[in-house]
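# kindly return the folded structure for what I paste below:
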Amino acid sequence: MNEINKGIPDWKIFEGIVAQIHRTLSPNAKVTHDDKISGHDSKKMRQIDISIQQNIGPHSILIIVQCKKYKSKIDVNDVGEFITVVKDVRANMGVMVSNAGFTDGAINIAREHNINLCSIFDAQNKNWSVMVRLPMICDFRRPIMRGRFKVTTTKPFAMPSDLTKIEFTKSNGEVISLRRLFLQDWNGGRVNSSVGEHVHVPAEKDLNIRSTDGSLITIDVSFDVKIESRLFFGYVGIEESQGVVNVIDHSYTTKELITEPIDVVEVETKWKRINSKEDAPQAPFMTLMALDMFPLEQK
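As a prediction, this is how the structure comes out:
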């Protein structure tokens, strides 16, 4: 505990963090910590840990948040008492935030009464928050290509038996290989990377090959490209973020986040290989697509 919070009860610090996170996530709303709202049925002032009020057009929306800094999970009785408060103050929605989680019974009754059950994640205050690891799919894509050539000439020219060794002469006199011709476009992001088969016309223009007498012959080049996808499913931790974890629908709401670094080798060796996105064990928070990059030879 730092000097600023010295002497402040843990539950009060917890409420303050939850209120601050909701202010960040709802900058246009009025977020009040430790509010008092009159009950319509009880005719008494109700203490509300956090109230969130916002006008949408001519309508006023009220959300109330109850924070529970417990050592054990929130149970059915806690949720039942909160449902009574939500109804009494005529809130549009009720939210319970717990650092210790919720019992199955609490989740069931909350779902039936449209109560959101949440935890918080705060990378800077891990003692007050749950651990969050985001489900993610890494989509690694690589090309398989072959060249197509069109030559209109009466001059003889030598074509190597291994077409990958064919070389072209550019208009400035430089020589470029078939492989480099394609890979400079692939590495530069100029090739259609969607899964399937495509025809790619290189960005390099005015290509020639040499005839047997040494003169240059203009040639049109294109590539038949097949893009393959390798899918991996895994979980990524969060390095920097503040947000709310919805326990019922397993969503995470935040304004911004920075994930932990993703090690490509670890993805390929330790993550689960899947055949399609539909085969993922759960819906991914995001899908990261990466293109295989290839070194270019000198020519």
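# quick one: Thr287 from Thr254, how far?
From Thr287 across to Thr254, the span is 18 Å (C-beta to C-beta, to the nearest Å). Bear in mind the C-beta positions are built from the backbone N, C-alpha and C, glycine included.
# Glu278 now?
Distance, Glu278 to Thr254, using C-beta to C-beta: 26 Å.
# ok, Ile217 next?
Counting by C-beta to C-beta, the separation of Ile217 from Thr254 is 60 Å.
# returning to what we had before: quick one, which of Thr287 and Thr254 is more surrounded?
Between Thr287 and Thr254, counted using other C-beta atoms under 10 Å, Thr254 has the larger neighbour count: 16 against 13.
# Lys150: what's it in contact with?
Counting by C-beta atoms under 8 Å, 6 or more residues apart in numbering, Lys150 touches 219-221.
# er, Asp88 I mean
Contacts for Asp88 (C-beta under 8 Å, 6+ apart) come out as 39-42, 46.
# now do the buried residues in the strand ranked longest in the chain.
Across the chain, the longest stretch assigned as strand under DSSP state E is strand 216-246. Neighbour-count burial for strand 216-246 flags 216-217, 219, 221, 223, 225, 227, 229, 231-234, 236, 238, 241-245 (criterion: 16 or more other C-beta atoms under 10 Å).
# per-residue pLDDT, the closest residue to Met293 other than its chain neighbours?
Computed as C-beta to C-beta, 6 or more residues apart in numbering, the closest residue to Met293 that is not its neighbour in sequence is Asn187, at 5.5 Å. Note on Asn187: pLDDT of 93.
# and the gap between Asn187 and Lys165?
For Asn187, the distance to Lys165 equals 20 Å [C-beta to C-beta].
# of the two, who's got more company?
Comparing Asn187 with Lys165 by neighbour count (other C-beta under 10 Å), the higher total belongs to Asn187, at 16 against 10.
# would you enumerate the residues in contact with Phe26?
One correction, residue 26 is Ser, not Phe. Applying C-beta under 8 Å, 6+ apart, the residues near Ser26 are 52, 54.
# which is the next helix or strand following the helix or strand Gln184 falls within?
Using DSSP states H and E, the secondary-structure element containing Gln184 is helix 178-187. Going down the chain from helix 178-187, the next helix or strand is strand 196-200, by DSSP H and E.
# for that following strand, buried residues please.
198, 200.
# report the rounded mean pLDDT for the helix or strand following that strand.
Where DSSP H and E defines the elements, the next helix or strand beyond strand 196-200 is strand 208-210. Averaged across strand 208-210, the pLDDT comes to 84.
# residues in contact with the closest residue to Ala280 other than its chain neighbours?
Spatial nearest neighbour of Ala280, chain neighbours left out: Phe233 (4.8 Å); criterion: C-beta to C-beta, 6+ apart. Applying C-beta under 8 Å, 6+ apart to Phe233 gives the contacts 135-137, 271-272, 274, 279-281, 284.
# mind checking how far Phe233 is from Lys270?
Using C-beta to C-beta, Phe233 is found at 11 Å from Lys270.
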